[in-house]
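[1] Predicted model, plus sequence, below.
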Amino acid sequence: MAEPNRDTGSQDIIDDALRLVDALQRKLIIAGVRRGVSSVTSPPPPKDDVWGEAIRLEQPPEEQEPLDRLAGIVRTAAPEVVGHLGKAGAALFGALGETWDVVEKSLEKQRADRECQEQDRPERESAAREITEAGTDSGGAPANGEGSAADSGSSLPRRDGHDHPRPTETT
């Protein structure tokens, strides 16, 4: 009974191994077609020995073209510049957001104050009318609208005791 299970288990292992070999062969063939058969089958080119490397290091580097040098500078400096610009942009965006919040809150407060004043204005006007009507009924001011000199404010007492004319108000 144990024998049939071992045969199917070993058969599965063999099938898996064959599938792996087939996949490897396909990948090698595809790589050979892409890069050329010689690059797949031949070993990598040998490195210079110590003497060849020393001679190469002693020789001055070849002068690069200005465009290549510029590309090298951009390649090395650009990430740092972009990082700084990103941080500066984030700081600017944060500051603008805070500023907008302050302006928005002050505008909302002004609008609320204005609405409160508009709601209070009719109440104050009606209270002022009641006081005026009560004052005219009790004889505090003449009914014809002409007040005394003290009411109109045509002159003001000064500290020296003399009356001086009040400056006219311009509106």
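    Perfect, I can see it now.

[2] Show me which helix runs longest in the protein.
    Longest helix of the chain, by residue count under DSSP state H: helix 66-137.

[3] Could I get the average pLDDT for it?
    Averaged across helix 66-137, pLDDT comes to 87.

[4] And that helix, what does it pack against?
    Taking 3 or more C-beta pairs under 8 Å, 6 or more residues apart in numbering; DSSP states H and E as the contact definition, helix 66-137 has no neighbouring helices or strands. C-beta coordinates here come from the backbone N, C-alpha and C atoms, glycine included.

[5] burial of residue 28, as a residue count?
    Burial of residue 28 is recorded as 13 neighbouring residues (other C-beta atoms under 10 Å).

[6] meant to ask about residue 18, not that
    The number of residues near residue 18, taken as other C-beta under 10 Å, comes to 10.

[7] And for residue 77?
    Residues within reach of residue 77, counting by other C-beta under 10 Å, total 10.

[8] Same question for the one 4 residues further on.
    The tally of other residues near residue 81 (other C-beta under 10 Å) stands at 10.

[9] got it, and residue 115?
    10.

[10] got a list of what it touches?
    Contacts of residue 115 were listed using C-beta atoms under 8 Å, 6 or more residues apart in numbering, and none were found.

[11] Quick check: it vs residue 74, distance?
    58 Å (C-beta to C-beta, to the nearest Å).

[12] And for residue 29?
    Residue 29 sits 41 Å away from residue 74, taking C-beta to C-beta as the criterion.

[13] Quick one, grab the pLDDT at residue 35.
    62.

[14] The one 5 residues further on too?
    The model reports residue 40 with a pLDDT of 57.

[15] Could you do the one 5 residues further on as well?
    Model confidence at residue 45, given as pLDDT, is 65.

[16] Can you get me a residue count around residue 31?
    13.

[17] Please identify which helix or strand holds it.
    According to DSSP states H and E, residue 31 maps onto helix 2-35.

[18] what helices or strands is that helix leaning on?
    Counting contacts by 3+ C-beta pairs under 8 Å, 6+ apart, helix 2-35 is packed against helix 37-41.
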